[in-house]
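Asker: Make a model of this:
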Amino acid sequence: MQRRSLVAAALGAPVWSLSRAAGWPSRPIAMVVGYAAGGPTDAIARAIAEPLGRRLGQSCVVENKPGASGAVSILQERAMAPDTHQLLFSGSGSLIMAPLINSKIGYRAGDLTPVARVSSYPYFLVVSAASPVKTAAELVQKAREREGALSYASAGPGSGNHMATEWFQAATHTRLVHVPYSGDAAAMPDVITGRIDFAFLSGAVVQQQARAGKLRVLAAATTHRERAEGYPTVEEAAGIRGFAMEPWTGIFGPPRMPAENVQKVNTAVAEVLAQPQVSRQLAGLGQYAFAETPARFKAFIDEQNTQWTAIAREAKIPRE
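Answerer: Predicted coordinates:
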């Protein structure tokens, strides 16, 4: 109890909130993932679910409920009672990006209760190793010289790589051809062979191919130098101030989830992420772990909404 109290205090939570929440959870917790098993979001959820359950005194079991790129699981969580024993494990693609391009999606990130941000990772700007393009500046120059001819891959409309490239396109005053795929891994072969000119892809799929000499990394889409893996950032390489595409994951509860329950889960997540074996597992998935208060997580989501709404407007991304 003493260690838990110290963690709660470090996160700014009153210790009494943990005792008030002592009756919850009273049964096993379902951690719903809105994607199929085996994907990156599912892998992160599974890395923390079992140790999280131990700290909460109940089992925590991942349940995959895919549908409409995560929208089905979000709508279901929104309909839950405040004291539910079901939590949602989701991320920026479903909660921030999707509502920006789909007017019929039926939810906003603010509809749910932010509980704990878990992880994030940067995208990397890559070309085939056989490409004559050696730097991000050269890519921009080539795109300007061949307006409307260069192609880029994405995991589909509204995906992180799509939104990142729309921002890149608007900021560099270029016109590019969007080629959507079912995911980063599906796009990889065409980027490697050069059938697609470039892409912003997640580090988890990029680094192995870069080490094998099949991809050339031009820049990291982050403002954090320590996350750039030794590559220049897009701001450094292409002059786009503040450019970052760092998809994130987190745990959410239903609307009006009791604050003491929120804090209890948040504190437990911080303890789990502090475990060396968990942080190593997340690092192996290309993830950077977080430990922050629910209030800071909510503020972060508000900032993300504001930022990406402005980017979508500037880039004139159509809303379906």
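Asker: which stretches of this structure aren't confidently modelled?
Answerer: Residue ranges of the chain with pLDDT under 70: 1-22.
Asker: quick one, strands of it?
Answerer: 29-33, 60-64, 86-91, 113-120, 123-128, 151-154, 177-180, 198-202, 215-221, 248-253, 288-289 (DSSP state E).
Asker: what sits up against the fifth one?
Answerer: Here strand 123-128 makes contact (C-beta atoms under 8 Å, 6 or more residues apart in numbering) with 133, 136, 139, 160-161, 164, 168, 191-194, 197-203, 206, 210, 214-221, 229, 231, 234, 237, 245-247. Backbone N, C-alpha and C define where each C-beta goes, glycine included.
Asker: again, only this time at 6 Å
Answerer: 133, 136, 164, 192, 194, 198-203, 206, 215-221, 245 (C-beta atoms under 6 Å, 6 or more residues apart in numbering).
Asker: Same question for stretch 234-254.
Answerer: Contacts with stretch 234-254, where a contact means C-beta under 6 Å, 6+ apart, come from 44, 77, 80, 82, 84, 87-89, 91-92, 112-113, 115-120, 122-123, 136, 140, 160, 164, 171, 219, 221-223.
Asker: Count residues in the vicinity of residue 139, would you?
Answerer: 25 (other C-beta atoms under 10 Å).
Asker: Ok, residue 292 next?
Answerer: Applying other C-beta under 10 Å, we find 17 residues neighbouring residue 292.
Asker: List the contacts of it.
Answerer: Per C-beta under 6 Å, 6+ apart, neighbours of residue 292: residue 117.
Asker: Spit out the contact partners of residue 268.
Answerer: Residue 268 neighbours (C-beta under 6 Å, 6+ apart): 52, 55, 56.
Asker: distance of it from residue 251?
Answerer: As defined by C-beta to C-beta, to the nearest Å, residue 268 lies at a distance of 10 Å from residue 251.
Asker: what does residue 148 give?
Answerer: 42 Å.
Asker: Compare the two (neighbour count), which wins?
Answerer: residue 251 (26 against 9).
Asker: Isn't residue 82 up against residue 261?
Answerer: No. At 8.5 Å, residue 82 and residue 261 do not qualify as touching, with contact defined as C-beta atoms under 6 Å.
Asker: higher neighbour count, the two?
Answerer: Between residue 82 and residue 261, residue 261 has the larger neighbour count (other C-beta under 10 Å), namely 24 against 12.
Asker: list the buried ones in stretch 218-227?
Answerer: By neighbour count with 16 or more other C-beta atoms under 10 Å, stretch 218-227 contains the buried residues 218, 219, 220, 221, 222, 223, 227.
Asker: which one of the residues you listed sits closest to residue 27?
Answerer: residue 227 (38.6 Å; C-beta to C-beta).
Asker: residues contacting the closest residue to that closest one other than its chain neighbours?
Answerer: Nearest residue to residue 227, sequence neighbours excluded (C-beta to C-beta, 6 or more residues apart in numbering): residue 122, at 5.2 Å. Residues counted as contacts of residue 122 (C-beta under 6 Å, 6+ apart) are 220, 221, 222, 227, 246.
Asker: Serialize the residues you listed to TSV and add fields for distance to residue 274.
Answerer: Below are those laid out as TSV (distance: C-beta to C-beta, whole Å):
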residue	distance to residue 274
220	26
221	27
222	23
227	19
246	21
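Asker: Give me the neighbour count for the residue nearest to residue 151 when sequence neighbours are not counted.
Answerer: Excluding the flanking residues, the one nearest residue 151 by C-beta to C-beta, 6+ apart is residue 177, at 4.3 Å. Residues contacting residue 177 under the criterion other C-beta under 10 Å number 11.
Asker: Same check on the one 10 residues further on?
Answerer: Counted with other C-beta under 10 Å, residues neighbouring residue 187 total 22.
Asker: and residue 174, how far is that from residue 198?
Answerer: Going from residue 174 to residue 198 by C-beta to C-beta gives 11 Å.
Asker: same check, this time on residue 287
Answerer: Distance check for residue 287 against residue 198: by C-beta to C-beta, it reads 24 Å.
Asker: Likewise for residue 319?
Answerer: In terms of C-beta to C-beta, residue 319 sits 26 Å off from residue 198.
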